[in-house]
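*Asks:* I would like to see how this sequence folds:
(chains A and B)
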Amino acid sequence: MTDRLTIATWNINSVRLRLPIVEKFILEQAPDVLCLQETKCPDANFPEAAFRKLGYPHIAINGQKGYHGVATISRRPLANIEKRGFCDKGDARHIAVDVAFSDSPLRVHNFYVPAGGDEPDAAINPKFGHKLDFMAEMKAWLNGAETERPAVLVGDLNVAPYEHDVWSHKALLKIVSHTPVETELLEAIRSHGGWIDAMRRFVPMEEKLYTWWSYRARDWAAADKGRRLDHVWVSPPLADRLKAMRVLRAARGWDKPSDHAPVIAVFEE
DNA sequence: ATGGTCGCGTGGCGA
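*Replies:* Model prediction:
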């Protein structure tokens, strides 16, 4: 008996404003699980009915007013919902669930890592310090038991780790999201847990790969000054089940777009 | 060219 599961991750920058294109994405791609970031929506105002109508009755949300917020919506039942706080802040930046896949539960972590502000110096920019502290807590937690079982870690990690995850490695070395302290720390989280970078398993390291294009560009597609800020990681026990990955770049050009494109991963047992 | 554009929610913050 084979099972097939698709998981999508998308920073949608307001779930309420973006509802029309989230619906378009669901109708086109029909992922089994959709992990959203930057929902910018208190839990009481989350548009659950719209997702139920589209065939996603299982909804786990961790939202707050105005900022941040993550949600995992699913066609399959969700269990063991966990919302972890980081850095002793009230920020809504993580939610984890179990989803049935083949004969065992699959842990799905959905993350929205702090962006870190503009100045890449923790001494003068507390937001950058918060980002590094947040990532240090991720490193301490996301290994051992968390990666010895089938697990996926997705979301907007706000770091483009490799040379060809940005349009110009040289131009961005001092730009938050691609500084050595961030890229080395993200790599440390990943390797410490044994996580596998699912996107780079399908795209060679020498090939450009982006998931985000700034709103500020006059013509984002022509300039194509992107960064790979969104990620899909899989734990070693799940590695052999990873079958495909796709960045839906077209969604960046839809009506009233998010500045992030969705990433879809396919698993087969 | 150190600008530029978004979303939240109504003045400025965060991205």
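
*Asks:* show me where chain A has strands.
*Replies:* For chain A, the strands defined by DSSP state E cover A:4-11, A:33-37, A:58-62, A:70-74, A:78-82, A:94-101, A:104-112, A:151-156, A:196-197, A:230-234, A:242-247, A:263-268.

*Asks:* what pLDDT, on average, does the last one get?
*Replies:* This points to strand A:263-268. Per-residue pLDDT values over strand A:263-268 give a mean of 98.

*Asks:* Using CSV, write out every CA atom in it.
*Replies:* Output of strand A:263-268 as CSV, limited to C-alpha atoms (Å, rounded to 0.1, in the frame of the first residue of the first chain):
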residue,chain,number,x,y,z
VAL,A,263,7.4,25.7,-1.7
ILE,A,264,5.9,22.3,-2.1
ALA,A,265,7.5,18.9,-1.1
VAL,A,266,6.1,15.5,-2.1
PHE,A,267,6.6,12.4,0.0
GLU,A,268,5.8,8.8,-1.0
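
*Asks:* still on that earlier bit, with distance to DNA strand B and mean neighbour count as extra columns, can I get the strands of chain A in JSON lines?
*Replies:* Where C-beta positions appear, they are placed from N, C-alpha and C, glycine not excepted. Rendered in JSON lines, the data for the strands of chain A read as follows (distance: least, C-beta to the nearest atom of the strand, whole Å; neighbours: other C-beta atoms under 10 Å):
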{"stretch": "strand A:4-11", "distance to DNA strand B": "8", "mean neighbour count": "23"}
{"stretch": "strand A:33-37", "distance to DNA strand B": "9", "mean neighbour count": "30"}
{"stretch": "strand A:58-62", "distance to DNA strand B": "15", "mean neighbour count": "21"}
{"stretch": "strand A:70-74", "distance to DNA strand B": "13", "mean neighbour count": "26"}
{"stretch": "strand A:78-82", "distance to DNA strand B": "22", "mean neighbour count": "14"}
{"stretch": "strand A:94-101", "distance to DNA strand B": "14", "mean neighbour count": "22"}
{"stretch": "strand A:104-112", "distance to DNA strand B": "8", "mean neighbour count": "22"}
{"stretch": "strand A:151-156", "distance to DNA strand B": "8", "mean neighbour count": "26"}
{"stretch": "strand A:196-197", "distance to DNA strand B": "21", "mean neighbour count": "20"}
{"stretch": "strand A:230-234", "distance to DNA strand B": "11", "mean neighbour count": "26"}
{"stretch": "strand A:242-247", "distance to DNA strand B": "18", "mean neighbour count": "16"}
{"stretch": "strand A:263-268", "distance to DNA strand B": "16", "mean neighbour count": "21"}
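
*Asks:* Mind putting the ones you listed into a markdown table with distance to residue A:131?
*Replies:* Listed next are the strands of chain A as a markdown table, based on distance: least, C-beta to C-beta, whole Å:
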| stretch | distance to residue A:131 |
| --- | --- |
| strand A:4-11 | 16 |
| strand A:33-37 | 15 |
| strand A:58-62 | 19 |
| strand A:70-74 | 16 |
| strand A:78-82 | 22 |
| strand A:94-101 | 14 |
| strand A:104-112 | 11 |
| strand A:151-156 | 12 |
| strand A:196-197 | 20 |
| strand A:230-234 | 15 |
| strand A:242-247 | 24 |
| strand A:263-268 | 21 |
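
*Asks:* Nearest to residue A:210 among those strands would be which one?
*Replies:* When these are compared by C-beta to C-beta, strand A:242-247 sits nearest residue A:210, at 7.5 Å.
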